[in-house]
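Have a look at this prediction, sequence included:
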Amino acid sequence: MSPPHPPNRRREIPWWLLAIALLGILTFWQIVADEGMRTIFNALSAGIVTTLWVTGVAFILASLLGLIVAMARTSRFRVAREVATFYVEIVRGVPLLVVLFYVAFVGAPAMVDGANWLLAPFIEQGWLPKVTVRNFDFTWRAIVALTVCYSAFLAEIFRAGIESVDRGQHEAAWALGLSRWHTFRFITFPQAFRTILPPYGNDFVSMIKDSALVSALGVQDITQLGKVYSSSTFKFFETYNIVAFLYLTMTISLSLLVRLAERRLKRQDHDR
């Protein structure tokens with residue numbers, strides 16, 4: 001007797017996705033139909049750009065820094081491995097909110113003092129103005145904090161992807177005369193990318209949610225605008241419903257795109 005055929009997942013529509021879509025449609029209809037909800041939505045919509053800007057810039061910088069740290073962690077030099085591991089373990093062990101406050105109120109003044117010390121000859125000659133803490137915008141302090149935190153997590157994702165590539169392929173590439181950089185660029189990273197993509201995309205989604213913490217510094221993102229509006233109108237239920245709706249729209253859309261990209265990569269591997 002032949003075993004039953006597995007269900008065709010391509011034709012299945014997840015019930016959870018249908019429920020979320022229905023909830024989103026109902027919320028959107030309420031925003032369109034209700035003047036009060038439209039007013040709240042318009043008040044919060046300016047924060048969408050700030051949220052996406054902070055998340056996008058911080059994630060790009062965190063990816064670059066994380067890749068450098070990951071390469072150091074897989075380096076043949078012990079000093080590089082130890083320093084990179086020290087960085088990852090320290091940063092991953094501190095809550096994001098603590099890092100945010102530390103960068104904003106400790107790191108920023110220290111960086112300003114360092115910049116003034118380095119530029120002292122030019123400042124004394126009057127060629128450059130003295131840098132003050134006010135020149136370091138709170139938005140950029142938030143970006144630096146998110147970069148530091150997420151670079152440690154992304155470094156571990158990159159490291160796992162790099163180490164998933166068989167060591168024999170590296171040795172074969174070196175035997176053919178490829179440099180370590182060309183080996184990484186043409187052999188290691190393209191294969192590691194397939195392993196990296198799902199957690200990498202999930203971290204981007206997580207950063208969108210964690211970017212709400214920048215409201216603690218007064219950055220005018222969705223959460224901060226919602227906090228200000230609700231405290232002035234006392235419409236907490238309506239305001240935070242729209243705040244949640246905006247975040248869910250961004251995060252679920254991106255999660256579905258990541259899953260779609262992952263399926264396409266698996267399909268390409270299967271076709272090969």
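The structure has been received and is ready for your questions.

Beyond the least confident helix or strand in the chain by mean pLDDT, next helix or strand please.
None of the helices or strands of the chain scores lower by mean pLDDT, DSSP states H and E than helix 167-175, at a mean of 72. Using DSSP states H and E, the helix or strand that follows helix 167-175 in sequence is helix 180-183.

ok, which stretches of the stretch 101-250 of the chain are helices?
Counting by DSSP state H, counting those that start in this stretch, one finds helices in the stretch 101-250 of the chain at the ranges 108-118, 120-124, 138-164, 167-175, 180-183, 189-210, 222-233, 236-271.

Give me whichever of those helices is most buried.
Among those, helix 138-164 has the highest mean neighbour count (mean count of other Cβ atoms under 10 Å), at a mean of 22. Where C-beta positions appear, they are placed from N, C-alpha and C, glycine not excepted.

Residue 38 and residue 31: what is the separation?
For residue 38, the distance to residue 31 (Cβ to Cβ, to the nearest Å) stands at 6 Å.

Compare the two and say which is more crowded by neighbours.
Comparing residue 38 with residue 31 by other Cβ atoms under 10 Å, the one with more neighbours is residue 31, at 19 against 14.

what about that one, distance to residue 264?
For residue 31 relative to residue 264 (Cβ to Cβ), the value is 33 Å.

go on, residue 199?
17 Å.

still on that earlier bit, so the least confident helix or strand of the chain versus helix 189-210, what angle?
Put simply, helix 167-175 runs at 120 degrees to helix 189-210, going by axes from the mean of the first three to the mean of the last three Cα atoms, to 10 degrees.

Provide the contact partners of helix 167-175 at residue level.
Residues outside helix 167-175 that contact it (Cβ atoms under 8 Å, 6 or more residues apart in numbering) are 180, 182, 183, 186, 187, 188, 191.

Point out the least confident member of the residues you listed, please.
Taken together, the contacts of helix 167-175 show their lowest pLDDT at residue 180, with 72.

Hmm, residue 222 is touching residue 52, no?
No. Counting by Cβ atoms under 8 Å, residue 222 stays clear of residue 52, with 9.7 Å between them.

Give the intersection of the neighbour lists for the two.
In contact with both residue 222 and residue 52: no residue, using Cβ under 8 Å, 6+ apart.

and residue 137, what are its phi and psi?
Backbone geometry at residue 137, expressed as degrees, to the nearest 10, gives phi -60, psi 150.

Low-confidence stretches in the stretch 1-150 of the chain?
Where the stretch 1-150 of the chain drops to pLDDT under 70, the residues are 1-11.

now with 80?
1-13, 125, 133-135 (pLDDT under 80).

hang on, residue 159 packs against residue 74?
Yes. Between residue 159 and residue 74 a contact is recorded at 6.0 Å, counting by Cβ under 8 Å.

number of nearby residues for the closest residue to residue 143 other than its chain neighbours?
Once flanking residues are discounted, residue 143 sits nearest to residue 58: 4.7 Å by Cβ to Cβ, 6 or more residues apart in numbering. Neighbours of residue 58 under the rule other Cβ under 10 Å: 25.
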